[in-house]
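**Q** Using only what follows, build the 3D model:
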Amino acid sequence: MILGFHHAGIATTDLPRMLDFYRSMLGFELVTEREWAAGSDRHDALTGLENSSARYVVLRLGHAYLELFQYISPPPTPNDADRPVSDAGLTHIAVVVDDIDAEFTRMSEAGVRFHCAPGLKGPYRATYGRDPEGNVFELMEISDPTHPYALRA
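**A** Next comes the predicted model:
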């Protein structure tokens, strides 16, 4: 039986920069820092890579986790920082905020790039932004507790 969603993982070319972004801009807390050296049969089997090695962190926000990986081997290829969200694959992660206008302003002033300002006032408002490597995150504010997207205990 599947119990629920636990985490998402993002590969990066610059782990310290991404760790700083997800902690300072989105409020994730660091749970642990780990690494594995090349020659780990278990990690190679799990990742489907040969002779892999990486450093990674696990972050938590509320009841969900995010892993950030910087592979040493094989070396990472930077992604397209303007990758369209219509391309197949994981398109974004979303975080719930209590004041989307304040968060949008704070992050914009810190240099975070957004696709647009938050939508008009209503029971659900959202905007998409980009982390330092172009991965998309969504800020969402849900003021109606009966909205289908409202957080449940």
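**Q** show me where this structure has helices.
**A** In the chain, the helices defined using DSSP state H lie at 15-24, 41-47, 100-109.
**Q** right, so of those, which gets closest to residue 131?
**A** Taking C-beta to C-beta, helix 15-24 is the member of those nearest to residue 131, at 5.4 Å. C-beta: built from backbone N, CA, C; applies to glycine.
**Q** so what secondary structure elements neighbour that closest one?
**A** Other helices and strands packing on helix 15-24, by 3 or more C-beta pairs under 8 Å, 6 or more residues apart in numbering; DSSP states H and E, are strand 29-36, strand 53-61, strand 64-73.
**Q** buried sites along it?
**A** The neighbour-count check on helix 15-24 (16 or more other C-beta atoms under 10 Å) flags 15, 18, 19, 21, 22 as buried.
**Q** List the beta-bridge partners for the residue positioned nearest the centre of the chain.
**A** Taking C-alpha atoms, centre = their mean as the criterion, residue 93 is the residue nearest the geometric centre of the chain, at 5.3 Å. Taking DSSP bridges as the rule, residue 93 bridges to residue 137.
**Q** mind listing what it touches?
**A** Going by C-beta atoms under 8 Å, 6 or more residues apart in numbering, residue 93 touches 8, 66, 135, 136, 137, 138.
**Q** count of neighbours near the fourth one?
**A** Same thing as residue 136. Using other C-beta atoms under 10 Å, the number of residues around residue 136 comes to 17.
**Q** And the fifth one, by the same measure?
**A** Residue 137 is surrounded by 20 other residues when neighbours are defined as other C-beta under 10 Å.
**Q** looking at it, it is touching residue 91, isn't it?
**A** No - with contact defined as C-beta atoms under 8 Å, residue 137 does not reach residue 91; the gap is 10.4 Å.
**Q** State the pLDDT value of residue 153.
**A** With respect to pLDDT, residue 153 scores 69.
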